[in-house]
Structure formats: C-alpha cells, structure tokens
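Asker: I'll drop the sequence and a predicted model, then ask my questions.
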Amino acid sequence: MTFIAKLSGMLWGGPLLAAFLLVGGYYSIRTGFFQIFHLPLWWRTTVGSLVQKRERTGEGITQLQALSTALAGIIGTGSVAGVAAAIFYGGPGAVFWMWMSALLGAMTGFAEKTLAVRHREKGPDGQWRGGPMQYIKKGLNLPALARFVAVLGVAETLLGSNLAQANSIATALAGTAGANRRAVGIVLAALVSVILVGGIRRIGGLCEFLVPLMAVLYIGGGLAVIIVHYRQIPAALEQILRYAFAPRAVVGGYSMGTALRYGVARGVFTNEAGLGMASMAHACAEVKEPGEQGMWGIFEVFFATIVICSVTSFVILTSGLYVPEEAMSMIRGGNVPASMLGAPLVAGCFAAVMGRAGEWLVTVSLILFAFTSLIGAGYCGRRCVEELCTSRWLMVLYHLILPACIIMGAVADLTTVWELVDLLNAMLAIPNLAALLLLSPEALWCLRRFLAVQREIGPGKERS
C-alpha cells in the first residue's frame with residue numbers, strides 16, 4: 001500500500017489543502033464571514049427552529065432528521081480515532097488547523113447544502129433526492145462528470161467510510177472486551193443491511209434518535225475528563241498554537257507542514273465540507289428555501305468539528321498520556337504501540353480518570369458513532385448507485401458488496417485504512433470544490449434571497 005500512501009500524500013501535500021481553504025475562504029469573504037457575524041441568525045434558524053412545529057408534506061424528512069442522517073455519516077470514528085491519529089502523527093498543532101478548516105469549511109458546507117436543495121429532484125418513490133451529482137448535472141450541465149462523482153461516491157462509501165468505521169469499532173471492542181474482530185464485522189454488516197432496506201424514512205428516524213444520544217454520551221464523558229485535568233488546559237492551548245507554526249527543530253520533529261496536512265485532512269473527514277456527500281441527506285429535507293438548509297450546513301460543521309473534535313483533542317492533550325517528543329521518537333523508530341493509535345489512545349485517556357468505565361464509555365460511543373456512520377455512508381452509496389443506473393440488480397449487487405466491505409474493514413490494518421480514506425476523499429473533493437466555485441453565484445443568490453425572506457416575515461419563520 002506504499003503507492004496509496006504516496007499518492008494520498010501528493011494530493012494532500014499542498015494544492016488540495018489550499019483548495020479547501022481557498023473555497024471556504026472565498027465564500028467567507030463574499031458573505032462577510034457570515035458564519036461569524038451572523039451566528040445568532042444561523043443558530044436561531046437551526047437549533048432555535050427545533051421547538052417550532054411545522055406542517056409536513058410527506059415529500060421528505062424533517063430538517064432534524066436530515067441533519068441527524070448527515071451527522072450520522074460524518075460524526076464517525078474520525079471524530080475519535082481520526083483526531084487521535086492526527087495529533088499523534090501531526091502533532092498538537094493539527095488541532096489548530098482542524099479548527100481553521102472548520103471555520104472556513106462552514107461556508108463550504110453552507111454552499112453544498114444550499115445547492116443540493118436548489119437542484120434536487122423527485123425520485124420514483126416521490127421523495128426528494130439530491131447532492132453533488134444533481135448540482136453538477138443540472139447546475140453545470142455536466143452529466144458525465146456527475147456520473148464520475150457517483151462512481152467515486154460508491155468507492156468512498158464501500159472502500160473508505162465503511163472500512164474506517166468498521167475497523168475502529170472492531171479495534172475498540174477487541175481491546176476492551178476481547179471480541180473477535182471478524183465476528184464484530186459480521187454483526188455490523190447484518191444490522192446495517194437490514195436498516196438500509198427501509199429507505200430514507202427509516203434511516204432518518206433511527207438517526208434522529210441515536211445521534212443526539214451518542215453526542216450527549218461522548219461529550220458528557222469527555223467534559224468530565226477535561227474538568228479533572230482543567231489545570232492542563234492552558235498548557236494544551238499553548239501546545240496547539242506553538243506546534244501549529246513553530247519550525248521543526250523547535251518542536252521535536254513535528255513541522256507546520258505536517259500539522260497542516262493532518263489537521264486539514266482530518267478536519268475534512270470529520271465534517272466532510274468540500275466532499276459533498278453529506279448534502280445528499282440535506283436534499284431530502286422538507287424545506288422551501290435552499291438558503292435555509294444552508295444554515296444547517298454551517299451548524300453541521302460547527303458541531304462535528306468545533307465541538308466533538310475539540311472534546312477529543314483536549315482529552316488527549318490534557319491527560320498526559322500523549323507526549324509529543326515521545327510520540328515523535330516512536331514514529332522515527334518505527335515502533336508505535338497499538339495503545340497510542342486511534343481509539344485505544346482516547347480510551348486510555350478516559351480510563352486514566354474513570355478506570356474501566358472510561359474504556360467502556362469510549363467503546364460504546366465508538367459503537368454508536370461507527371454504526372450511525374455506516375448507515376449514513378450506506379445511504380449515500382445507494383444514492384450514488386441510483387444515479388449511475390436504475391437497474392434493480394445493480395442495487396442488489398451493492399447490497400451484497402457493502403456487508404463484505406464492512407467485514408473486511410473490521411480486520412484490516414488501521415494505517416492502511418486511513419491512507420485509503422484520505423485518497424478517496426481527495427478524489428471526491430477535486431470535482432466538488434470546482435463545482436462549488438463555478439456555482440457560487442447561485443449559492444450566494446440563495447443566501448441573499450433567504451435573508452430577504454427573513455426580513456420580510458421575521459426571524460425563524462417560514463414563508464407559507
């Protein structure tokens with residue numbers, strides 16, 4: 001797999017990282033950094049709207065279900081194992097670049113969700129469907145490119161997301177409960193297959209229940225660990241800033257380039273802003289104004305990276321189990337113990353405060369994270385298959401390959417899995433980022449229209 005590592009490193013080595021930051025920066029500048037200066041508006045439109053009762057048309061799912069399904073696909077083990085890997089290999093400075101990618105990526109997420117609703121279409125079942133394939137096909141009039149993106153989407157959900165999520169949950173259960181990794185993969189594959197057969201309504205309903213549950217469980221436990229080590233918070237912040245910019249010789253081998261590479265790559269994986277996959281769930285929401293669904297795109301990035309990933313980061317950096325100089329020595333010596341990689345590192349940090357209960361809290365959180373992420377990825381994969389061909393047999397083939405990939409991911413090598421995830425994400429990002437730039441006039445027009453509607457009918461209300 002050396003070739004995959006080299007190719008992934010080349011794609012993420014400079015131009016693509018710059019493209020993510022530039023697209024997010026472009027939308028941020030054009031909107032006057034809307035994600036910062038209009039925080040009350042997008043917060044009120046998203047979180048504030050949850051207490052409002054809306055009429056249902058039956059043509060889609062609720063906005064909360066759409067958000068939960070999208071979050072299910074992105075708040076996977078990348079928020080735990082991925083962040084741990086980014087800090088170990090990229091240094092504490094990787095956290096800073098994760099934050100920066102989220103700050104700018106919030107407007108990238110806005111654009112994706114807005115365009116997904118603007119260019120969505122009705123499926124044979126009468127339900128809304130959309131995503132990058134639709135806004136590339138209809139917005140840019142490039143059906144061939146849309147099909148290519150669909151092919152990449154199928155590959156990403158089978159060989160990227162599924163492998164990473166199944167691998168992390170199997171590793172966690174093997175370490176905590178001594179479970180057989182292959183058996184874990186088989187159980188996961190069976191459960192995911194059954195749920196996906198129920199379609200977007202069953203998926204949305206399940207995610208609406210599980211996503212808030214797993215978020216409260218993990219955030220609550222993480223905050224408890226951080227509070228115990230609260231005296232180390234200033235030192236952790238100092239490490240994050242110093243390692244984000246300091247020359248290699250000053251910080252024991254880590255470099256700014258390494259921090260940038262791992263931070264942005266993992267930030268993208270934890271919120272998917274720029275990949276377009278999460279927009280498929282948002283396109284199913286019952287909403288009239290595309291710009292309104294774009295507000296949920298901003299909240300999604302904020303919650304997935306700024307909240308969830310920050311909890312993981314501070315748990316690791318305040319616990320004392322991770323020491324940058326020792327980690328770099330392990331990397332250089334090629335002798336990195338499993339306890340310092342991914343989920344085991346996070347579980348060890350929790351266990352240092354909570355004992356065995358801490359390990360189980362991380363394990364249960366990972367089970368929920370990975371399970372919901374597998375469901376979300378499976379839905380995106382189905383949508384990509386539908387875009388490629390209406391053949392019933394092709395869908396049956398996908399449902400046979402999907403569980404096989406989950407089982408394979410459960411027993412695969414963790415390092416190889418993350419290298420493959422990075423490569424597939426990079427290939428998906430290139431056409432999607434280009435489309436977001438070319439369609440920026442539409443997305444910005446939708447934002448102006450949404451703001452005009454808000455001024456006309458009042459904040460937090462929907463035009464009848």
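Answerer: Received it, and whenever you're ready, just let me know what you need.
Asker: Tell me, how many residues neighbour residue 97?
Answerer: Burial of residue 97 is recorded as 25 neighbouring residues (other C-beta atoms under 10 Å). For every residue, glycine as well, the C-beta is placed using N, CA and C.
Asker: residue contacts, it?
Answerer: Shown in contact with residue 97 (C-beta atoms under 8 Å, 6 or more residues apart in numbering): 244, 259, 260, 262, 263, 264, 267.
Asker: For it, identify the helix or strand it belongs to.
Answerer: Following DSSP states H and E, the helix or strand that holds residue 97 is helix 93-118.
Asker: What are the contacting residues of the very next helix or strand once past that helix?
Answerer: Downstream of helix 93-118, the next assigned helix or strand under DSSP H and E is strand 121-122. Here strand 121-122 makes contact (C-beta under 8 Å, 6+ apart) with 59, 128, 129, 130, 134, 138.
Asker: Now do the following helix or strand past strand 121-122: distance to the chain's middle.
Answerer: For strand 121-122, the following helix or strand on the C-terminal side (DSSP H and E) is strand 128-129. Its chain's C-alpha centre and that of strand 128-129 lie 21 Å apart, by C-alpha atoms, centre = their mean, to the nearest Å.
Asker: And for stretch 364-382?
Answerer: Chain-centre distance of stretch 364-382: 11 Å, with C-alpha atoms, centre = their mean.
Asker: now stretch 139-150
Answerer: The chain centre lies 23 Å from the centre of stretch 139-150; the measure is C-alpha atoms, centre = their mean.
Asker: Of all the residues in that stretch, which ones are buried?
Answerer: The neighbour-count check on stretch 139-150 (16 or more other C-beta atoms under 10 Å) flags 139, 140, 142, 145, 146, 147, 148, 149, 150 as buried.
Asker: Now distance to residue 284, pLDDT and secondary structure too, for those, in JSON lines please.
Answerer: As requested, those are exported to JSON lines (distance: C-beta to C-beta, whole Å; pLDDT from 0 to 100; DSSP: H, G, I helix; E, B strand; the rest coil):
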{"residue": "139", "distance to residue 284": "18", "pLDDT": "93", "secondary structure": "helix"}
{"residue": "140", "distance to residue 284": "22", "pLDDT": "94", "secondary structure": "coil"}
{"residue": "142", "distance to residue 284": "23", "pLDDT": "94", "secondary structure": "coil"}
{"residue": "145", "distance to residue 284": "23", "pLDDT": "94", "secondary structure": "helix"}
{"residue": "146", "distance to residue 284": "18", "pLDDT": "93", "secondary structure": "helix"}
{"residue": "147", "distance to residue 284": "21", "pLDDT": "92", "secondary structure": "helix"}
{"residue": "148", "distance to residue 284": "23", "pLDDT": "92", "secondary structure": "helix"}
{"residue": "149", "distance to residue 284": "18", "pLDDT": "92", "secondary structure": "helix"}
{"residue": "150", "distance to residue 284": "17", "pLDDT": "92", "secondary structure": "helix"}
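Asker: nearest to residue 295, of those?
Answerer: residue 139 (20.2 Å; C-beta to C-beta).
Asker: How much space separates that closest one from residue 120?
Answerer: Residue 139 sits 11 Å away from residue 120, going by C-beta to C-beta, to the nearest Å.
Asker: again, but for residue 84
Answerer: 36 Å.
Asker: and if you look at residue 221?
Answerer: Residue 221 is 38 Å from residue 120, where distance means C-beta to C-beta.
Asker: same check, this time on residue 204
Answerer: Distance, residue 204 to residue 120, using C-beta to C-beta: 15 Å.
Asker: if we can go back for a sec, widest-spaced pair of the contacts of strand 121-122?
Answerer: Farthest-apart pair in these is 59 and 138; separation 18.3 Å (C-beta to C-beta).
Asker: Neighbour count for the two, which is higher?
Answerer: Set side by side, residue 59 and residue 138 show more neighbours around residue 138, with 17 against 12, by other C-beta under 10 Å.
Asker: Got the phi and psi for the more buried one?
Answerer: Dihedral angles of residue 138 (phi, psi; degrees, to the nearest 10) stand at phi -90, psi -40.
Asker: so it makes contact with residue 115?
Answerer: No - between residue 138 and residue 115 there is no contact under C-beta atoms under 8 Å: 9.6 Å.
Asker: follow-up on the earlier one: how distant is the helix holding residue 97 from the center of its chain?
Answerer: Offset of helix 93-118 from its chain centre (C-alpha atoms, centre = their mean): 10 Å.
Asker: that older thread, rebuild the contacts of strand 121-122 as TSV, extending it with distance to residue 100.
Answerer: Listed next are the contacts of strand 121-122 as TSV, based on distance: C-beta to C-beta, whole Å:
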residue	distance to residue 100
59	38
128	33
129	33
130	29
134	30
138	32
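Asker: tell me which of these is nearest to residue 400?
Answerer: residue 129 (22.6 Å).
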